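Engineer: sequence isn't available, so here's the structure alone:
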């Protein structure tokens, strides 16, 4: 456990998309040779855009930004009628959201959603019995990694 704690204390939270595909399959899908893929992957790894391992490829947050993916999340708060909370929570967890938090206070749930999924998530939330209110907050800025590290010290 000590190693996990050390890594957590010295790490940063990043968005990473994982594709469970080996390099041979990836080369075949791209219709290039395995050797040509190796050259491209090496360049992308050196630039911090990809992480590669046995049977998977991670596209890093920097990689997502390189092809125009907007990674600033949307925060959605959800109020649910008391008698519907358990069923609504079960259904919300099935939505395409990054994270779901049950919270105390004026709202019952806080969702972290990708911007491109916001309309769909709000539409689905409106169809869940017991959801009485939603509010959306589109983030404008995500702290830089330097800022994240300074908070941990």
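Structural biologist: The structure has been received and is ready for your questions. In this text the structure is predicted, and so the values were computed from the model without any measurement. Numbers count the residues shown, from 1 in each chain.

Engineer: list the beta-bridge partners for the residue lying closest to residue 103 once chain neighbours are set aside.
Structural biologist: Excluding the flanking residues, the one nearest residue 103 by C-beta to C-beta, 6 or more residues apart in numbering is residue 110, at 5.4 Å. C-beta coordinates here come from the backbone N, C-alpha and C atoms, glycine included. Beta-bridge partners of residue 110, counted by DSSP bridges, are residue 77, residue 101.

Engineer: show me what contacts residue 110?
Structural biologist: If a contact means C-beta atoms under 8 Å, 6 or more residues apart in numbering, then residue 110 has 75-78, 100-101, 103 as its contacts.

Engineer: now a PyMOL select for only the buried ones of these.
Structural biologist: Buried members of the contacts of residue 110, defined by 16 or more other C-beta atoms under 10 Å, are picked up in PyMOL with:
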select buried, resi 76+77+78+100
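
Engineer: which single one of the contacts of residue 110 is nearest to residue 11?
Structural biologist: residue 101 (20.4 Å; C-beta to C-beta).
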